[in-house]
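Participant: Model the structure of this input:
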Amino acid sequence: MKVILSVWLIIFGGMFCDAVVEKPLRLRDYTFIG
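Facilitator: Numbering: from 1, shown residues only. All right, here's what the predicted structure looks like:
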């Protein structure tokens, strides 16, 4: 059970981090282009 939970945390945490990091980077790109 613990292994499955840790795997879920890694996958979900990675997706969450990608979403949090990607948005500011995209906003920065848009401001540079604009």
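Participant: Helices of the protein, start to end?
Facilitator: 2-33 (DSSP state H).
Participant: Output the below-cut-off pLDDT ranges for it.
Facilitator: 32-34 (pLDDT under 70).
Participant: at 90 what do you get?
Facilitator: Applying pLDDT under 90 to the chain flags the ranges 1-5, 8-34.
Participant: Geometric centre of it: which residue is closest?
Facilitator: Geometric centre of the chain, nearest residue: D18, 1.6 Å, by C-alpha atoms, centre = their mean.
Participant: Counting neighbours, what do you get for I11?
Facilitator: For I11, the neighbour count with other C-beta atoms under 10 Å is 10. Yep, even glycine has a C-beta here, placed from its N, CA and C like the rest.
Participant: what do you get for W8?
Facilitator: 10.
Participant: With M15 instead?
Facilitator: So M15, with other C-beta under 10 Å, has 10 neighbours.
Participant: if I look at it, how far off is R26?
Facilitator: Distance, M15 to R26, using C-beta to C-beta, to the nearest Å: 16 Å.
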